[in-house]
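# output the structure for:
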Amino acid sequence: MEYTDRYEYYLDRLPEIAAYAKEKNTAPLFGFSSNFDIVLHWDAEAYNRILAEYLKEAPSAKEGDTIDDLSDFARISAAYIVKGLGGNFDITDVAVCRFLRSAFSEEPALGGTGAQGAAALGALGIPVSMHLTDDCAEVCRMLDHEDTTVIRGGKKVRVGTAASDADPVYHIILQFHKGDIVRFNGEEHVIPSSNRLILFYDKVHKILPIKDPVLTYWEETDEKPSSLLMSGFDAIVDTGIIRERIGRLEEFLKKLKARSPETVVYLEGAFYMNSEVKDLIFRKLGPYADIAGMNEEELEAELLKMGEQADLSDLEGILAGLRVMLAYCGSRGVLLHTKDYSMFYGKKPEGVDIEAGLTIGNLMAGTRARVGRYGTPEDLKESLGMAKLSERGLEILRQQTAREDDAGRTLVIVPSRLLERPKYTIGLGDTFVAGVHTCFIRKDKG
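Predicted structure coming up:
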């Protein structure tokens, strides 16, 4: 199948979508985590100096590893960086945080899929309401747009007016760049792709406090959110805690769907989540989800964990994997986002132009990669002429032979606009997810 490029068409429709959301008082609801990120500016030579002093054994990392000292940092980070992989690890000693902040230059940023997604929509003038776990002044300032709201005192208020005097919840992010060289054990290793490591010194999100007044507001109000993003569970490792959170969220989802069945529920995972926690989330919350979202790393990891083949080199293998995931999590559809393409497979939500969501998601993520911030409408327009369609994405699309299979599932593929050396690699998936939610705001009932 040949691709018809609709990037400019869908971009031109965004002002109408923003105006509709304001007029009809309908907008996405994004949850559940937020935090204050410290983004370390990558310096290959500074990193090599750390390896030279602190790497005491071969690079390695396994699920459950923690960074207790700088030798752990060197061992774990090198294992990921030489493969171009992103990941999350806990720091247990604040001295490691202090050392890293002194070893690299830095800048502040937002953390959390819900928070980053809200900031990305806010930059486009699109309304969004959200749930905050870190409402410090720094976080609220970075989120402050006219139509970005939180619940306070039983009503929606502009997020910029809702800051607490609490200390920030810090996450340290180390980006690294494709093509740079890292050295250890007398050998040079070329980094195969740009990515990032997220290093937590954070006790808040291990329990992920879900503020019940937010859920109660959306259970009782006459307003109907266009969509609900459920994300932010990745720091939880205690199955008892996640069972408590799931119990409250199941109650919420039943009430929300009963009074607003058109609200699209989107469940986003992360490949580095604790396996037991992820199983509980997807098995318990997946059946309420219209869409379960994941990236290529997560899909591959889940398939391998289940003993399934994970050949994602062509469309046949990708679809085989997505069928396994549909059965695993019980959602009505799955959405796969990669650097080369985005893909929806399953039963499409009624009245939703899912191609529009994939396209805008790709464009927003690509623009953030290009300019290093959440893109404005002007930034998105510039991106149309500055990034080429991915050849791999186009090749995957050409393998498509039909829109629906024998189970009535819809397949939609949109090639990405690709940058080989992005300026920024943080929050690209979160920005993509925000873009997808624009297609849920105005649905065609005809």
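# low-confidence ranges in the stretch 201-350 of the chain?
271-272 (pLDDT under 70).
# helices of that one, residue ranges please.
Using DSSP state H, counting those that start in this stretch, the helices of the stretch 201-350 of the chain run over residues 212-220, 239-259, 275-285, 296-305, 315-329.
# tabulate the ones you listed (JSON lines), appending mean neighbour count.
Using the backbone N, CA and C atoms, a C-beta is placed for each residue, glycine as well. Shown next, in JSON lines, are these (neighbours: other Cβ atoms under 10 Å):
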{"stretch": "helix 212-220", "mean neighbour count": "16"}
{"stretch": "helix 239-259", "mean neighbour count": "15"}
{"stretch": "helix 275-285", "mean neighbour count": "18"}
{"stretch": "helix 296-305", "mean neighbour count": "18"}
{"stretch": "helix 315-329", "mean neighbour count": "19"}
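# so which of those is nearest Val182?
Of all those, it is helix 296-305 that lies closest to Val182, at 20.1 Å by Cβ to Cβ.
# looking at the helices of the stretch 201-350 of the chain, which is nearest to Ile76?
helix 296-305 (16.4 Å).
# report the distance from that closest one to the chain centre.
Relative to its chain's centre, helix 296-305 lies at 16 Å (Cα atoms, centre = their mean, to the nearest Å).
# now stretch 282-296
The answer for stretch 282-296 is 13 Å, by Cα atoms, centre = their mean.
# for stretch 350-370, same thing?
For stretch 350-370, the distance to the chain centre is 13 Å (Cα atoms, centre = their mean).
# with stretch 318-337 instead?
17 Å.
# end to end, how far does it reach?
Counting by Cα to Cα, to the nearest Å, you get 12 Å between the two ends of stretch 318-337.
# the stretch 51-200 of the chain: helices as residue ranges?
70-81, 94-103, 113-122, 137-143.
# that older thread, which of the helices of the stretch 201-350 of the chain sits closest to Arg417?
helix 296-305 (17.3 Å).
# which residues touch the closest one?
Identification of contacts with helix 296-305 by Cβ atoms under 8 Å, 6 or more residues apart in numbering yields 85-86, 269-271, 275, 294, 309-310, 312, 318, 321-322, 324-325, 328, 336, 338.
# re the thing from before, same list, the helices of the stretch 201-350 of the chain, but as JSON lines with distance to Thr4 please.
Below are the helices of the stretch 201-350 of the chain laid out as JSON lines (distance: least, Cβ to Cβ, whole Å):
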{"stretch": "helix 212-220", "distance to Thr4": "38"}
{"stretch": "helix 239-259", "distance to Thr4": "34"}
{"stretch": "helix 275-285", "distance to Thr4": "34"}
{"stretch": "helix 296-305", "distance to Thr4": "24"}
{"stretch": "helix 315-329", "distance to Thr4": "18"}
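# and of the ones you listed, who's closest to Tyr20?
helix 212-220 (19.9 Å).
# contacts for that closest one?
By Cβ under 8 Å, 6+ apart, helix 212-220 touches 29, 31, 131, 150-151, 154-156, 225, 248-249, 252, 255-256.
# got it, and stretch 368-376?
Contacts for stretch 368-376 (Cβ under 8 Å, 6+ apart): 116, 119-120, 122-124, 364, 367, 379, 383, 386-387, 419, 422-425, 427-428, 431.
# give me the buried subset of those residues.
116, 119-120, 122-124, 364, 367, 379, 383, 387, 419, 422, 424-425, 427-428, 431 (16 or more other Cβ atoms under 10 Å).
# where does the most far-flung residue of the chain relative to its centre fall, phi/psi-wise?
Farthest-out residue of the chain from its mean C-alpha position, per Cα atoms, centre = their mean: Gly186, at 36.7 Å. Gly186 adopts backbone torsions of phi 70, psi 10, taken as degrees, to the nearest 10.
# just how off-centre is stretch 260-272 within its chain?
That offset, for stretch 260-272, works out to 11 Å (Cα atoms, centre = their mean).
# so how far is Thr113 from Ile282?
To be clear, residue 282 is Phe; Ile isn't right here. 16 Å (Cβ to Cβ, to the nearest Å).
# how about Gln175?
Taken as Cβ to Cβ, the span from Gln175 to Thr113 is 18 Å.
# okay, the two: which has more neighbours?
Thr113 (27 against 19; other Cβ atoms under 10 Å).
# who's in contact with the more buried one?
Phe30, Ser33, Leu229, Ser231, Gly232, Glu268, Gly429, Asp430, Val433.
# same thing but 10 Å
Contacts for Thr113 (Cβ atoms under 10 Å, 6 or more residues apart in numbering) come out as 30-34, 229-234, 268, 270, 293, 427, 429-431, 433-434.
# then Leu256?
By Cβ under 10 Å, 6+ apart, the neighbours of Leu256 are Leu29, Leu215, Trp218, Glu219, Lys224, Pro225, Leu228, Leu249, Thr263, Val265, Tyr288.
# and stretch 6-18, which residues are buried?
So, applying 16+ other Cβ under 10 Å, buried residues of stretch 6-18: Tyr7, Tyr10, Leu11, Arg13, Leu14, Ile17, Ala18.
# now stretch 379-392: average pLDDT?
Over the span of stretch 379-392, the pLDDT mean works out to 93.
# run the chain-centre distance for it.
21 Å.
# that one: end-to-end distance?
25 Å.
# in that stretch, which residues are buried?
Asp379, Leu380, Ser383, Ala387, Leu389, Ser390, Arg392.
# show residues contacting that stretch.
Outside stretch 379-392, the residues touching it (Cβ under 10 Å, 6+ apart) are 3, 5, 7-8, 11-12, 14, 123-124, 313, 338-341, 360, 362-364, 366-371, 373, 375-376, 394, 396-397, 414-420, 422, 435.
# can you tell me how far the spatially closest residue to Arg398 that is not a sequence neighbour is from Tyr266?
In space, and not counting its chain neighbours, Arg398 is closest to Met1: 6.2 Å by Cβ to Cβ, 6 or more residues apart in numbering. Look at Met1 and Tyr266: by Cβ to Cβ, they are 26 Å apart.
# more crowded one of those two?
Tyr266 (25 against 12).
# quick one: classify the residue nearest to Arg183 when sequence neighbours are not counted as helix, strand or coil.
Excluding its sequence neighbours, the residue lying closest to Arg183 (Cβ to Cβ, 6+ apart) is Asn48, at 5.1 Å. With DSSP: H, G, I helix; E, B strand; the rest coil as the basis, Asn48 sits in helix.
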